[in-house]
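# dropping a prediction and its sequence here:
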Amino acid sequence: MSSHSDGSLPISALQHWLYCPRQCALIHVERLWVENRLTAEGRALHNRVDTGGHESRKGVKTLRSVELASEQYCLHGVADVVQLRGMPPEPYPVEYKRGRAKDHRADDVQLCAQAICLEEMFSVRIPEGAIYYGKSRRQKRVAFDLSLRTLTLGIIEQASAAINEARVPTPQYEERKCGACSLISLCKPKRMESPPRVAAWLARAAASKAVPE
């Protein structure tokens, strides 16, 4: 978790928001975090990648742990890898994830937000980037087309508004998502989705104590 005093939004919050708005708010508003096996494996993968420094090979310069920022969209974050290709060099962001490619676009949005920052920093247009998935050991190319850019800008607006207003959405239980979330013990989605009604409880308690005439 990272934050800026100027109210800048962490790029990681976009991935959290698209995966689950409540998870995003618990992390970035309530400042809650719990490690589980999945997050520990993801952190270990990033630790292997995010060594800092750079290397050059076959005309491609690879930068690691690159700090990113966008004044226009009030974003900040760190890219796992940015490759500088061609002359003049054009940035190509590469994000590393522990699992496999997913059926939602949370990872794509995170990568697109990195590209938006790089475009502002380098004054260029970036057409695509890539995500490397450790479980499948495959790299997926991600085109930063109009559809993905529109989705990303929309998520930036939604997540920024919720975090700035300190809103924590109510839970919506989904077995697959909630079961994989490290915050499930703090979120309590099943219980909070249908919280016990205090009025009904008081009524039952009063009825049980009533003495028949």
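Cool, the structure landed. Numbering: from 1, shown residues only.
# excluding covalently adjacent residues, which one is nearest to residue 115?
Leaving aside its chain neighbours, residue 115 sits nearest to residue 126 (4.5 Å; criterion: CB to CB, 6 or more residues apart in numbering). All C-beta atoms are positioned from the backbone trio N, CA, C, and that covers glycine.
# list the contacts of the one you found.
Residues near residue 126 by CB atoms under 8 Å, 6 or more residues apart in numbering: 90, 91, 92, 93, 115, 118, 119, 144.
# in ChimeraX, select just the buried ones from those residues.
A single ChimeraX command selects the buried members of those (16 or more other CB atoms under 10 Å):
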select :91,92,93,115,118,119,144
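# so of the contacts of residue 126, which ones are in helices?
Under the assignment DSSP state H, those contribute 115, 118, 119 to helices.
# packing partners of the longest helix belonging to the chain?
Ranked by residue count and defined by DSSP H, the top helix of the chain is helix 146-164. Contacts defined by 3 or more CB pairs under 8 Å, 6 or more residues apart in numbering; DSSP states H and E place helix 146-164 against strand 9-10, helix 11-19, helix 21-28, helix 106-122.
# contacts for the helix or strand following it next, please.
Using DSSP states H and E, the helix or strand that follows helix 146-164 in sequence is helix 175-180. Here helix 175-180 makes contact (CB under 8 Å, 6+ apart) with 19, 20, 38, 184, 187, 189.
# so, low pLDDT: which residues of the protein?
The chain contains residues with pLDDT under 70 at 1-6, 33-56, 192-213.
# switch the cut-off to 80
1-7, 33-59, 179, 184-186, 190-213 (pLDDT under 80).
# please name the residues that touch residue 107.
By CB under 8 Å, 6+ apart, the contact list for residue 107 reads 15, 95, 97, 101, 131.
# what's the farthest-apart pair in these?
Farthest-apart pair in these is 15 and 101; separation 14.1 Å (CB to CB).
# more neighbours: which of the two?
Legend: neighbour count by other CB atoms under 10 Å for residue 15 and residue 101, higher for residue 15 (23 against 14).
# fine, thanks again, bye for now.
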